[in-house]
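>>> Following is a predicted model, sequence given first.
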Amino acid sequence: MKSSKPFPRAAARHLLPLLVGACFGSAAMAQSWSYKDAAKPYAGTSIRVLDEITPLQETMKTLVPQFTAETGIKVEYELLNHGEVINKGQADMLSRRGYYDAVMLHGVQMGQLLAANTIEPIDAYLGNKALFNPAFDMADLIEPANSTLTKFKGKTYGFLNWNYNMLYWARNDLLTHPAEMAAFKAKYGYELAPAKTFKQFLDIGEFFTRKSGQSLAGQPLKADFYGILHEGVTGGTTFGSVWNNFMRNYGAELFDASGAPTFNTPESIKALTVWAAIWKFSPPGQAEYSLVDVPTVMGNGIAAQTIAFSDFVLGVDKPGASPLAGKFVYGPTPSNPDFKGKHVADGEPSAVVINNASKNKPATYLFLQWMAEKDTQKKLIAAGKGGVPNRTSSFALPEMTNSTFYSAMKSTMGGLSAKPKAPRIFELYDALGPIVQQIGQGKLTPEQGAKLGQEKMLAICKKCLL
């Protein structure tokens, strides 16, 4: 039963200073925590960190000496290309050798390495007041990428570091050319603008696909020009894009709730039909294009639009990097208006994780926390004159505003999740990659490809998820 007696004013006067003191004490604790103090037991320790080489990590490498200067922890920050990071990093972790204290893992790798128990959970460090920065602000890490990447069965396996994402990228000088705009509207009945839907993507692709000698923006073409460009190589991230940018936006999933394969569905066939259609307006060498080739080809000016990884755009759309720098426009990946679910975009959220075989885990944790800090991210974006944020607050930084590139990126991230934890996912990619390529090339119909893909998946795993 509740008391009807009022709370004594005298007691309130005694209690108020305690409450105020508790509040200010928490603030003081956050202000007094420092990497210098946290790292005192580990000063002089050397750690090895393997990361992927992109413009983002090259900029991060210039900041790493600041961490060493503050903490006394020496960091050998090694950068290798996409494939080498996967092969060399996984090999070290699976062998339990522990040459690397920390390794960058793409989300697609997490299932295999979690199943092998090679990743150190960080929950004990997060709960250690001496090591965890109380001002870190976990809620600021971009969702759903962070949670879908780093959390599994009640444990946390790192921080979202590299929020790789795909976006729509087009030639704005062509989309805004008066003669092209008039001709497009006359043919399709609506205004020429960056594609928001798959239908618009295909219409623009058809419209701008032209032969050498035809006119483009008032000038005769010296070579064939193409309306759509996409990664098509079997060993890269092509299948991930087909899966997330196309299939899931038609309601098709790769696995059902139990983890069983579901590749051969009417929704999959509809999406694969759209995927096949874009190849009609693409360069003949598309089957050999990787995620690295796509931005290079766009920068060379032979295609009107693409879906590409945003971090590679950073190396092309800047003065001196491409004759077309400043002439591009960006948007979220195309959508399917008939799909009533949430729009999905492909990407590869990635974390630098602690190797379970590391002998320097607390020192390594401090470095990984420092990498993901607000202040470090602010310095990273300032040094790179932009970037790909891991934090929501980064979008308010001056380098990230007033640009279709960053607004497109922010929109894309709203529908970006890490790949599900499937230990044999690379085997699935190896089986399905050639199938989606052959569908694009017209060697298989979408129906044949969906049926064959289901058979291949079931031969690999009946229940594919952890």
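All right, it came through fine.
>>> Report the central residue of this structure.
residue 164 (2.3 Å; Cα atoms, centre = their mean).
>>> From residue 264, how far off is that residue?
When distance is defined by Cβ to Cβ, to the nearest Å, residue 164 is 29 Å away from residue 264. C-beta coordinates here come from the backbone N, C-alpha and C atoms, glycine included.
>>> again with residue 301
Distance, residue 301 to residue 264, using Cβ to Cβ: 40 Å.
>>> And residue 194, by the same measure?
Shown here: residue 194 relative to residue 264, a distance of 33 Å by Cβ to Cβ.
>>> Could you do residue 384 as well?
Residue 384 sits 44 Å away from residue 264 when distances are taken as Cβ to Cβ.
>>> can you check residue 462 too?
15 Å.
>>> Distance of residue 292 relative to residue 298?
Plainly put, residue 292 is 12 Å away from residue 298 if you go by Cβ to Cβ.
>>> The two - which one has more neighbours?
Set residue 292 next to residue 298 and count neighbours by other Cβ atoms under 10 Å: residue 298 wins out with 25 against 16.
>>> what about residue 384, neighbour count?
Residue 384: 17 surrounding residues under other Cβ under 10 Å.
>>> One more: residue 153?
Using other Cβ under 10 Å, residue 153 has 8 other residues around it.
>>> What of the one 3 residues further on?
One way to gauge burial is a neighbour count; for residue 156, by other Cβ under 10 Å, it gives 17.
>>> Could you tell me the end-to-end distance of stretch 65-79?
One end of stretch 65-79 to the other measures 15 Å (Cα to Cα, to the nearest Å).
>>> Oops, could you answer that again for stretch 258-268 instead?
Length of stretch 258-268, first residue to last, Cα to Cα: 18 Å.
>>> Buried residues of that stretch, list them for me.
By neighbour count on 16 or more other Cβ atoms under 10 Å, the buried set for stretch 258-268 is 259, 261-265, 267-268.
>>> repeat for stretch 288-302
By 16+ other Cβ under 10 Å, the buried positions in stretch 288-302 come out as 289-295, 297-299, 301.
>>> want to throw those into CSV with secondary structure?
Putting the buried residues of stretch 288-302 into CSV (DSSP: H, G, I helix; E, B strand; the rest coil) gives the following:
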residue, secondary structure
289, coil
290, coil
291, coil
292, coil
293, helix
294, helix
295, helix
297, helix
298, helix
299, helix
301, coil
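>>> export the residues you listed to TSV and tack on distance to residue 315 and pLDDT?
Formatted as TSV, these follow (distance: Cβ to Cβ, whole Å; pLDDT from 0 to 100):
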residue	distance to residue 315	pLDDT
289	16	97
290	14	94
291	12	91
292	10	90
293	13	94
294	12	96
295	7	95
297	13	94
298	11	96
299	9	95
301	16	96
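>>> quick one: which of the residues you listed is nearest to residue 255?
Closest approach to residue 255 among the buried residues of stretch 288-302 (Cβ to Cβ): residue 291, at 23.7 Å.
>>> didn't the closest one look like it was pressed against residue 235?
No: if you go by Cβ atoms under 8 Å, residue 291 and residue 235 don't touch, sitting 10.7 Å apart.
>>> what's the distance between residue 225 and residue 177?
Between residue 225 and residue 177 the computed distance is 13 Å (Cβ to Cβ).
>>> quick one: which of the two has more around it?
Neighbours were counted for residue 225 and for residue 177 using other Cβ under 10 Å; residue 225 has more, 20 against 17.
>>> ok, the more buried one to residue 302 distance?
6 Å.
>>> Next: residue 275.
Taking Cβ to Cβ, one finds residue 275 at 21 Å from residue 302.
>>> Measure how buried residue 227 is and give me the count.
There are 22 residues near residue 227, going by other Cβ under 10 Å.
>>> Go ahead and confirm it touches residue 209.
Yes: counting by Cβ under 8 Å, residue 227 touches residue 209, with 4.2 Å between them.
>>> Give me the common contacts of these two.
Common neighbours of residue 227 and residue 209, counting by Cβ atoms under 8 Å, 6 or more residues apart in numbering, are residue 281.
>>> ok, residues contacting the helix or strand that residue 366 is a member of?
Using DSSP states H and E, residue 366 sits in helix 361-372. For helix 361-372, the external contacting residues (Cβ under 8 Å, 6+ apart) are 35, 38-39, 41-42, 45, 47, 49, 60, 67, 71, 73, 75, 101-102, 120, 122, 125, 131-133, 136, 141, 158-161, 352-355, 358, 376, 390-391.
>>> pretty sure residue 103 belongs to a strand, no?
Yes: using three-state DSSP, the assignment for residue 103 is a strand.
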